[in-house]
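In: Any chance you could fold what I've pasted below:
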Amino acid sequence: MTQSAPHRVVIPEIGGPDVLRQQEAAIPTPGTGEILICNHAGAVNFIDTIIRRGEMPEGMMPALPHVPGVEGAGVVAGLGDGVEGLALGDRVAWMGPIGAGGYGTHSVIGAPYVTRIADDVAFSTAAAVPVNAMTAWHMLVNLGGAAAGKSVLVHAAAGGVGTMIQHIAKHLGMTVIASASTDKLDYARAQGADYVIDYRREDVATRVKDLTGGRGVDLSLNPISGETLKSDLDALAPLGTVVLFGFLAGPPAGNFGEDLAAHFQKSVAVRVSDIYTYFITAPQAFNADLAKVFALLEQGVLRPQITSLPLSEAAAAHRRLEAGETTGKLVLTI
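Out: Numbering: from 1, shown residues only. Take a look at the predicted model:
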């Protein structure tokens with residue numbers, strides 16, 4: 001097989017990173033409302049590793065063999081019936097569902113989930129944007145009521161989503177408090193954080209109260225869950241909101257009813273966010289927001305921090321992601 005032939009990396013069976021295999025692939029045909037994209041880059045996400053380990057929630061595990069990769073960037077290579085606003089050869093970025101095949105030379109993506117990118121934006125940079133920036137934008141703006149003068153606590157601030165949250169929040173005029181591990185505090189500062197908290201050495205809620213004169217934050221964006229929800233409720237200002245968007249430390253711990261009741265007089269809110277709910281239920285609004293975040297990229301507001309590896313080193317990318325050795329985003333060049 002030559003590198004120029006259509007190919008992809010598949011998960012043939014559950015296991016460690018070494019189960020990933022590169023194989024030849026047929027070029028798919030776009031259907032009505034779909035776009036065929038010749039990928040130049042695809043990004044690596046935690047969901048790719050969760051699928052490889054067979055740890056998806058019940059009913060959500062895709063059939064194997066499976067081609068991972070839910071976002072990428074490349075060139076339009078085919079248009080299905082009914083697609084408007086894009087032409088063959090256009091440079092684009094995309095976000096897709098599980099099974100979109102970003103670890104491959106070609107993907108077929110629904111038109112609402114594709115957006116044109118500027119000529120001076122590298123494909124590897126563009127591939128790092130859709131999932132993280134859309135997750136950040138949706139939680140900040142659509143769910144969190146982001147506005148100038150408000151404050152946000154960003155957990156896992158050195159990760160891909162945390163990075164985008166900080167860029168967008170500062171652009172919107174918010175005060176950013178970043179929580180990260182000791183070795184990643186400088187990284188968080190470099191992304192625009194007004195304050196940083198070392199969650200391994202400091203009590204996050206106590207520190208937030210100190211930094212805000214006892215008021216607390218208007219918004220906390222939290223992919224950790226576990227014991228951190230109870231802490232976040234303590235850290236919220238009156239009318240504040242926690243958005244949980246991941247469970248890196250497992251489901252929320254504690255007695256949820258008692259924890260909420262303890263903050264009843266602050267009128268706080270707790271909600272969860274899966275970006276795919278927005279993706280599925282509001283495709284046109286999603287498309288408009290996708291264009292907005294790429295406009296922020298072109299303006300220099302978003303500064304994705306990426307590490308690039310060739311597609312043939314997908315296993316190495318998985319190992320690095322699972323070991324927590326990365327800041328920002330891992331991208332596979334194709």
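In: Show me the helices in the stretch 51-200 of the chain, by range?
Out: 123-127, 130-137, 160-171, 185-190 (DSSP state H, counting those that start in this stretch).
In: So what touches the first one?
Out: The list of residues contacting helix 123-127 from outside it, by Cβ atoms under 8 Å, 6 or more residues apart in numbering, reads 40-43, 71-74, 91, 93, 102, 117, 294, 297, 304, 306, 308, 331, 333. For every residue, glycine as well, the C-beta is placed using N, CA and C.
In: Nearest to residue 235, out of the helices of the stretch 51-200 of the chain?
Out: helix 160-171 (15.9 Å; Cβ to Cβ).
In: contacts for the closest one?
Out: Contacts for helix 160-171 (Cβ under 8 Å, 6+ apart): 45, 128-129, 131-133, 135-137, 139-141, 146, 152, 154-157, 176, 178, 180, 188, 191-193, 221, 223, 245, 293, 296, 301-305, 327-329.
In: Show me what the one helix or strand residue 288 maps to is packed up against.
Out: Using DSSP states H and E, residue 288 sits within helix 283-298. When contacts are defined as 3 or more Cβ pairs under 8 Å, 6 or more residues apart in numbering; DSSP states H and E, helix 283-298 sits against strand 114-116, helix 123-127, helix 130-137, helix 160-171, helix 275-281.
In: can we see that at 7 Å?
Out: Under the contact definition 3 or more Cβ pairs under 7 Å, 6 or more residues apart in numbering; DSSP states H and E, helix 283-298 sits against strand 114-116, helix 130-137.
In: which stretch among those comes nearest residue 62?
Out: Comparing the helices and strands packed on helix 283-298 against residue 62 with Cβ to Cβ, the closest turns out to be helix 130-137 (16.9 Å).
In: now for that closest one, which elements pack on it?
Out: Counting by 3+ Cβ pairs under 7 Å, 6+ apart, helix 130-137 packs on strand 91-95, helix 160-171, helix 275-281, helix 283-298.
In: quick one: average confidence on the longest one?
Out: Summarised as a single mean, pLDDT over helix 283-298 is 98.
In: right, and the helix or strand after it?
Out: Per DSSP H and E, the helix or strand that comes after helix 283-298 is strand 306-310.
In: Please name the strands paired to that following strand in the sheet, noting orientation.
Out: strand 329-333 (parallel) (DSSP bridges).
In: The partner strand relative to helix 160-171, how many degrees between them?
Out: Interaxial angle of strand 329-333 relative to helix 160-171 (axes from the mean of the first three to the mean of the last three Cα atoms, to 10 degrees): 110 degrees.
In: what's next to stretch 81-101, contact-wise?
Out: With Cβ atoms under 7 Å, 6 or more residues apart in numbering as the test, stretch 81-101 has contacts from 8, 32-33, 35, 37, 62, 67, 69-77, 79, 107, 109, 111, 113-117, 119, 126-127, 129-131, 134, 294.
In: Mind doing that once more with 6 Å?
Out: Outside stretch 81-101, the residues that touch it by Cβ atoms under 6 Å, 6 or more residues apart in numbering are 32-33, 35, 62, 67, 69-73, 76, 107, 109, 111, 113-117, 126, 130-131.
In: Tell me who's in contact with the closest residue to residue 144 other than its chain neighbours.
Out: Nearest non-adjacent residue to residue 144, counting by Cβ to Cβ, 6 or more residues apart in numbering: residue 219, 4.5 Å away. Neighbouring residues of residue 219 by Cβ under 6 Å, 6+ apart: 144, 152, 241.
In: closest to residue 197 out of the helices and strands packed on helix 130-137?
Out: Comparing these by their distance to residue 197 (Cβ to Cβ), the top pick is helix 160-171, with 12.6 Å.
In: avg pLDDT for the closest one?
Out: In the prediction, helix 160-171 has an average pLDDT of 95.
In: any idea of the angle it forms with helix 130-137?
Out: 50 degrees.
In: May I have helix 160-171 exported as CSV, CA atoms only?
Out: What follows is helix 160-171 as a C-alpha-only set of coordinates in CSV (Å, rounded to 0.1, in the frame of the first residue of the first chain):
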residue,chain,number,x,y,z
GLY,A,160,-8.0,21.2,24.7
VAL,A,161,-11.4,22.4,25.8
GLY,A,162,-10.0,24.3,28.8
THR,A,163,-7.6,26.2,26.4
MET,A,164,-10.5,27.2,24.1
ILE,A,165,-12.7,28.2,27.1
GLN,A,166,-10.0,30.6,28.3
HIS,A,167,-9.5,32.2,24.9
ILE,A,168,-13.2,32.7,24.3
ALA,A,169,-14.0,33.9,27.8
LYS,A,170,-11.3,36.5,27.7
HIS,A,171,-12.5,37.6,24.3
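In: quick one: residue 83 and residue 26, what's the gap?
Out: According to Cβ to Cβ, to the nearest Å, residue 83 and residue 26 sit 21 Å apart.
In: neighbour count winner among those two?
Out: Neighbour totals were compared for residue 83 and residue 26, and residue 83 leads with 18 against 8 (other Cβ atoms under 10 Å).
In: Quick one, grab the pLDDT at that one.
Out: For residue 83, the predicted pLDDT is 97.
In: and it, how far is that from residue 35?
Out: In terms of Cβ to Cβ, residue 83 sits 6 Å off from residue 35.
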